[in-house]
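Visitor: pasting the sequence and the predicted model now:
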Amino acid sequence: MALSILTLCYLIGSITFIVGLKMLSNPATARRGNLIAAGGMSIAIAGTIFLYKDESGNPLHNYAWIFGGLIIGAVIGTIAAKKVKMTAMPEMVSMFNGMGGACAALISMIEFRHEVHNFGSGSGLEAIQTSSQNDLRVFLVICLAGLIIGSVSFAGSMIAWGKLNGKIKDFAFKGQHFVNIGLLILILVLAVFLVGWLPASGVTIFYSILGLSLLYGILFVMPIGGADMPVVISLLNSFTGVAAACGGFLYDNKVMLTGGILVGAAGTLLTILMCRAMNRSLKNVLIGSFGATATASGAKQQGGAYKEISISDAAVVMNYAHKIMIVPGYGLAVAQAQHACHELEKLLESRGVDVKYAIHPVAGRMPGHMNVLLAEADVSYDKLLEMEQANAEFPTTDVVLVLGANDVVNPAAKNDPSSPIYGMPILEVELAKAVIINKRSMKPGYAGIENSLFFQPKSSMLFGDAKKVLQDLTAEIKNL
Amino acid sequence: MEGFLLWIDQHQQMIYIVALMIFLGIEVIGRVPSVLHTPLMSGANAIHGVVIIGAIIVMGKADSDNYLALALGFLAVILGTLNVVGGFVVTDRMLEMFKKKK
């Protein structure tokens, strides 16, 4: 009876994950979808704690430990998630993802220790009877998959987290791709050796695989530039999904399997969608050629004269415009300027100016990051235009205000085939009558390439921190 | 090889689930607008926190005198819970801001 209730719990869990994910992909239902999935997860967890029985029918024990862990994790998780600034969201997601990966790897480690203990008296695997070898091999394949994927995901996510909050700088050495590929092959060879030959040194090999996987996770993310971090996080997210599914096979647990594979598949598709938005292939992102070619060929190839505009001039231009389009980018996020931006928007609206936002799909550090930030500042949803809509409106726009965005408005993506971002769809701001660009300096953006937009006659630069500039602009316009 | 086929035979349900879930996962988010990419990634991130169930099982089965297994399992439960709770709360915080304004 208890067991069939548990089966029911898992069934509910699986279905809520599917429904939740479906609802998450529609703005109207997204929040409810998230809550539904969370509810299903709670049911599945509670069911496991109270109703789970192992093969011989024993219930779980060590409840003090389980509840201790759950409470500690829940408290830390809630506080971290509540305290994190909206601008730091991407690294938070990466951090939580890493925790899941580590969890999967730990499960594999414990199960492996347990299994070795059960089969052989010593630490070796050689004493095992032929009849149980098949079972052991299957077990090892699943266990190793969970270990490798989980630890790569953990190490990679931690590096991505460090990179996004600026603690870790990009790092690459010559021939790193070959080292990475070599490392991956070594991991696989060791795994095949362990499974196929069940050597006496099995335990040592198992932990070597763990160490090498962690190293691979680090080296895998290290050379990838900051602009590609969203793609990497999304990919690692789907990795962790697969690692969770390995746990599903290990325990013959359908809800882990469903949840894991669902996220693995959806995460992979999301990764591909993000790559597509930047017009790059996943392979191109992964072998990190972006950073390499950009620094080699892109930087400082073209200079020229740009003109600056003062706050007061910019204020006048914007106050008397009919239609203004704001293009937010990472600079806005860094400066935490979303509220200041909304203030300016409201003021301009009250003066009869039509203000809209043009959101590039990969603006900021994660797709949709800008929408989240602006939504936090109460900017209404229908003021946010997606790229296609915005591009249709630029020709009738008087002033475009670019706030700390760079690569997503770089015309090189359209007209310079040698540019590393060539082919990426961009916001065609140069179609507007005037473009005011707020940046902190003339330094190139993430892709490390010069932006010819800045040197066009209709462009003018407004240097400074986005938040300060917006506040000054607002004050100035109020006085007009 | 024989063992592999035997395993497939014994686990065909699971393998069917995997195959169907791959297609379902792709279908279900196929039409997501780019505004929702971040919350969706975060929500999916919370869902793979289902790995916590494995951590609970491993913890609950560990012998009470096997301190290493207990310590590792305890750590796994904490990390898994962080993933689940943190993931859902962060996603909710993001989506809270999408609510319709009057």
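Guide: Great, that's in hand.

Visitor: ok, now which ones touch residue A:313?
Guide: For residue A:313, no contacting residues are found, by CB atoms under 8 Å, 6 or more residues apart in numbering or on different chains. No exception for glycine: its C-beta is placed from N, CA and C like everyone else's.

Visitor: no, scratch that, I was asking about residue A:43
Guide: Per CB under 8 Å, 6+ apart, neighbours of residue A:43: A:9, A:12-13, A:16.

Visitor: and which of those residues is nearest chain B?
Guide: residue A:13 (7.3 Å; CB to the nearest CB).

Visitor: residues in the stretch 301-450 of chain A within reach of chain B, list them.
Guide: Taking CB under 8 Å from any CB of the partner chain as the contact definition, the stretch 301-450 of chain A meets chain B at A:359, A:361, A:366-369, A:371-372, A:375-376, A:378, A:380-381, A:384, A:386.

Visitor: thinking again about what came up before, would you turn the contacts of residue A:43 into CSV with secondary structure and neighbour count?
Guide: Shown next, in CSV, are those (DSSP: H, G, I helix; E, B strand; the rest coil; neighbours: other CB atoms under 10 Å in any protein chain shown):
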residue, secondary structure, neighbour count
A:9, helix, 22
A:12, helix, 16
A:13, helix, 27
A:16, helix, 25
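
Visitor: go through the residues of the stretch 301-450 of chain A next to chain B and name the one nearest residue A:60.
Guide: residue A:366 (38.1 Å; CB to CB).

Visitor: restrict the helix or strand of chain B with the lowest mean pLDDT to CA atoms and write it as CSV.
Guide: Scoring the helices and strands of chain B by mean pLDDT, DSSP states H and E places helix B:2-10 at the bottom, with a mean of 79. This file holds the C-alpha atoms of helix B:2-10, laid out as CSV (Å, rounded to 0.1, in the frame of the first residue of the first chain):
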residue,chain,number,x,y,z
GLU,B,2,24.5,-10.5,-23.8
GLY,B,3,24.4,-8.7,-20.4
PHE,B,4,23.7,-5.5,-22.2
LEU,B,5,20.8,-6.9,-24.1
LEU,B,6,19.5,-8.5,-20.9
TRP,B,7,19.7,-5.2,-19.1
ILE,B,8,17.8,-3.4,-21.9
ASP,B,9,15.2,-6.2,-21.7
GLN,B,10,14.8,-5.7,-18.0
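
Visitor: for it, which positions count as buried?
Guide: By neighbour count on 16 or more other CB atoms under 10 Å in any protein chain shown, the buried set for helix B:2-10 is residue B:7.

Visitor: give me the domain ranges for chain B.
Guide: When chain B is parsed with automatic domain parsing, its domains come out as B:1-31, B:33-102.

Visitor: ok, is the first one in contact with chain A or not?
Guide: Yes - part of domain B:1-31 sits near chain A under the criterion CB under 8 Å from any CB, namely B:2-4, B:6-7, B:11, B:14, B:17-18, B:21-26, B:28-31.

Visitor: scan chain B for its longest helix.
Guide: Criterion DSSP state H: the longest helix present in chain B is helix B:12-28.

Visitor: who does that one touch, helix- and strand-wise?
Guide: helix A:2-24, helix A:229-250, helix A:254-277 (3 or more CB pairs under 8 Å, 6 or more residues apart in numbering or on different chains; DSSP states H and E).

Visitor: quick one: average pLDDT of it?
Guide: What helix B:12-28 shows for mean pLDDT is 90.

Visitor: any idea how far stretch A:332-341 is from the middle of the chain?
Guide: Centroid separation for stretch A:332-341 versus its chain: 21 Å, with CA atoms, centre = their mean, to the nearest Å.

Visitor: repeat for stretch A:58-78
Guide: That offset, for stretch A:58-78, works out to 28 Å (CA atoms, centre = their mean).

Visitor: ok, residues contacting that stretch?
Guide: A:45, A:49, A:52-54, A:96, B:55-57, B:59-62, B:64, B:70, B:73-87, B:89.

Visitor: what average pLDDT does it get?
Guide: 90.

Visitor: re the thing from before, just the buried residues of the residues of the stretch 301-450 of chain A next to chain B.
Guide: Those of those that meet the buried threshold are A:359, A:361, A:366-369, A:371-372, A:375-376, A:384, by 16+ other CB under 10 Å.

Visitor: and those residues as TSV, adding pLDDT, distance to residue A:422 and secondary structure?
Guide: Listed next are these as TSV, based on pLDDT from 0 to 100; distance: CB to CB, whole Å; DSSP: H, G, I helix; E, B strand; the rest coil:
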residue	pLDDT	distance to residue A:422	secondary structure
A:359	87	22	strand
A:361	76	17	coil
A:366	68	23	coil
A:367	68	20	coil
A:368	72	24	coil
A:369	76	24	helix
A:371	80	26	helix
A:372	78	29	helix
A:375	81	32	helix
A:376	79	34	helix
A:384	86	27	strand
